[in-house]
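Peer 1: Compute the structure for the input listed below.
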Amino acid sequence: MTAGGPVGPVPGLAPAVSVVAAITDGDEHLGETIGSVLDQTERDFELVLFDNASRDRTFEVMRSFSDPRIRITRSGERLPRSEARNRALRFSSGELVKTIVDGDLLHPRCLELQSQPLLDDPGLALVAARRHVVDDRSRVLVPRRGLNGLIGTRSGDEVARKIVRGRANLIGDACNVLFRRESIDAAGGWRGRRDELLDLDCWLRLLHHGDFLGRPEPLAAVRMNGVSGQPGYADRVAGEHHAIVAELSGSSAYQVRVADRAIGAVTAPLGALRRAGLGIVAGRSAKRAEKERERELADA
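Peer 2: This is a model prediction of the structure:
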């Protein structure tokens, strides 16, 4: 399970880890994403690439890699994001699973450092790490994001209460989380009912089936995009957060207290400010990238 092990899974046996990517029109950064997965110190993994009926060169980028750990499949029709992830997951076979999207980057030791705790402790359902937010050129814009107050082993109750209090996805994006296949199978897979908070919805259902471990190291990077700066995005996220808090407050699976809800009501505006700030950073990053492209074209 460490560096120096076999290049790929032992023939006839499932790999320890499946990295699963359902990609829709993601050719620009996909090669860099795939390269970061193949550079892992953990060698016992498979990379399942699912092309969700892309109209760009996504499928060609996937096929340009010849590593035996890669498995490629393609949809004949474009599926909703949650359904595409579930379809891609069905093509994988590892006991542990990480889901990524185009543009994500993994630290070389990401799979190694996240898989070992899950193998050592059967009571864990998922392991998360902090992540960087990077720009179009993979430069760090926001370092060490996430897991505020969630470092170490936590029960599902503790995580749910933190999320109600913070009114934010404190766990993070798909790329910085590793989870058990049996947990997501038991949870019913990805659901499309909350498109902006698809990941958080999944993490909370996984924690019905075990505990949480937060690692302090930044082991992944998520690509900044323009979505957070689009009109209506902040309102959609706030609405989905409100729905999740209401669901957690009424859930018999988690012991969310009245005090947690009261603190969350006070901190909700701070969460909105954080999201607005991220949107401003995204807008500035997009403008800088556009100016850089214009200069490169002028110099060509």
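
Peer 1: Which parts of the stretch 151-300 of the chain are strands?
Peer 2: 152-154, 177-180, 211-223 (DSSP state E, counting those that start in this stretch).

Peer 1: hey, which of those is tucked in deepest?
Peer 2: strand 177-180 (a mean of 25; mean count of other CB atoms under 10 Å). Quick note: C-beta positions are derived from backbone N, CA and C, even for glycine.

Peer 1: To residue 53, which of the strands of the stretch 151-300 of the chain lies closest?
Peer 2: strand 211-223 (21.4 Å; CB to CB).

Peer 1: want to throw the strands of the stretch 151-300 of the chain into a markdown table with mean pLDDT?
Peer 2: Listed next are the strands of the stretch 151-300 of the chain as a markdown table, based on pLDDT from 0 to 100:
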| stretch | mean pLDDT |
| --- | --- |
| strand 152-154 | 98 |
| strand 177-180 | 98 |
| strand 211-223 | 97 |
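
Peer 1: Between those strands, which one is closest to residue 168.
Peer 2: Closest among the strands of the stretch 151-300 of the chain, using CB to CB: strand 211-223, at 14.3 Å.

Peer 1: Low-confidence regions, the chain specifically.
Peer 2: 1-12, 226-231, 269, 271-283, 285-286, 289-290, 292-294, 296 (pLDDT under 70).

Peer 1: Distance check, residue 92 against residue 66.
Peer 2: 19 Å (CB to CB, to the nearest Å).

Peer 1: So between these two, which is more surrounded?
Peer 2: Per other CB atoms under 10 Å, whichever of residue 92 and residue 66 has more neighbours is residue 92, with 22 against 6.

Peer 1: center of this protein, which residue is that?
Peer 2: The chain has residue 174 as the residue nearest its centroid, 1.1 Å off, counting by CA atoms, centre = their mean.

Peer 1: so that one makes contact with residue 100?
Peer 2: Yes - under the criterion of CB atoms under 8 Å, residue 174 makes contact with residue 100 at 6.2 Å.

Peer 1: any idea how far residue 24 lies from residue 75?
Peer 2: 9 Å.

Peer 1: ah, wrong one, I meant residue 249
Peer 2: From residue 249 to residue 75 the distance is 37 Å (CB to CB).

Peer 1: Ok, residue 246 next?
Peer 2: 34 Å.

Peer 1: Between these two, which is the more surrounded one?
Peer 2: residue 75 (17 against 12).

Peer 1: hang on, isn't the more buried one packed against residue 86?
Peer 2: No - counting by CB under 8 Å, residue 75 stays clear of residue 86, with 11.7 Å between them.

Peer 1: between residue 24 and residue 75, what contacts are shared?
Peer 2: Taking CB atoms under 8 Å, 6 or more residues apart in numbering as the criterion, residue 24 and residue 75 both touch 52-53, 84.

Peer 1: Going through those residues, which ones are buried?
Peer 2: Among the shared contacts of residue 24 and residue 75, those scoring as buried are 52, 84 (criterion: 16 or more other CB atoms under 10 Å).
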